[in-house]
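> after the sequence you'll find the predicted model.
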Amino acid sequence: MSEVKYSTIELMACVAARILEDRKSVFVGTGLPMIAAMLAQRTHAPNLLIVFEAGGIGPQIPVLPISVGDSRTFYRAVAASSMHDVMMLAQAGWIDYGFLGAAQIDMYGNINTTVIGPWEKPKVRLPGSGGANDVGSLCNRTIILMRQDARRFVERVNYITTPGYLTGPGAREKAGLPEGSGPYRVITQLGVYGFDEETKRMKLLSVHPGVTIDDIKANSQFEILIPEEVSTTEPPTKEELKILHEIDPTGIVLRK
């Protein structure tokens, strides 16, 4: 039998989709999070409630939308609502998962998408928060999809756009954020990470096929907690890849 061939982005989409559970809700952004949520809905989580920032709640999306405001995000939706109502759902604690990207992340899952360098005179000015602060602050669990290297996995982010566990145990609650909320998984091209229950520091859960522990260490400025036994990420199945390309037939995201 020949091995199933897949790209890094296809692997990341499948890993993200597998995390999402049936009869849960997920706040979805443009691109890879959309694909992951749609894949979950078409496989193991048919009753997954997908929520879009522009107001689409519970759609059954026929094909990949180009943005969160695309009319397809309202197809067969439970509600064609508003950004106000969607953020209200998150504030009320009714959104189980939220997807985020990041330019920088630290050991406690704090995210920077605002500036690289000092705020007063940055080297690079990034898009900023959008709804990311709301998602990371208010959704019960946050899943971060990003590329990993030593410039992005940093000791200290240049700017906290979206709070993770801030300075460690109890810091989110002290800042007034919902108890029990926070970053849950980080998915990169190298592996999958969670956060230690006691210290709230990032820890390795699995490495992707062909990736070594040395690769993980070399692509982070901070020390990632590494258990004695680390599993290898399950690669995409033929069925998952087939569905992915039905979702994104023109390769808007999957060919990046």
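Received the coordinates, thanks.
> where along the stretch 51-200 of the chain do the helices fall?
83-91, 132-138, 171-174 (DSSP state H, counting those that start in this stretch).
> could you say which of those helices is packed most deeply?
Of the helices of the stretch 51-200 of the chain, the one with the most neighbours on average (mean count of other C-beta atoms under 10 Å) is helix 132-138, at a mean of 22. For the C-beta atoms, the positions are set from N, CA and C on the backbone; glycine is no exception.
> next one: that helix to chain centre, how far?
From the chain centre to the centre of helix 132-138 is a distance of 12 Å (C-alpha atoms, centre = their mean, to the nearest Å).
> name the residues that touch it?
With contact meaning C-beta atoms under 8 Å, 6 or more residues apart in numbering, helix 132-138 is reached by 27, 29, 87, 90-91, 93, 95, 98-101, 111, 113, 142, 161-164, 177-178, 181, 183.
> residue ranges in the protein under the pLDDT threshold?
Residue ranges of the chain with pLDDT under 70: 1-2.
> you'd agree Ile57 is up against Val78?
Yes - using C-beta atoms under 8 Å, Ile57 is in contact with Val78, at 5.1 Å.
> shared neighbours of those two, anything?
Leu49.
> looking at those two, which one has more neighbours?
Ile57 (19 against 14; other C-beta atoms under 10 Å).
> not counting its neighbours along the chain, what's nearest that one?
Leaving aside its sequence neighbours, Ile57 sits nearest to Ala79 (C-beta to C-beta, 6 or more residues apart in numbering; 4.3 Å).
> against Asp85, how distant is that neighbour?
8 Å (C-beta to C-beta, to the nearest Å).
> now the common contact residues for those two.
Here Ala79 and Asp85 share the contacting residues Gly55, Ile57, scored by C-beta under 8 Å, 6+ apart.
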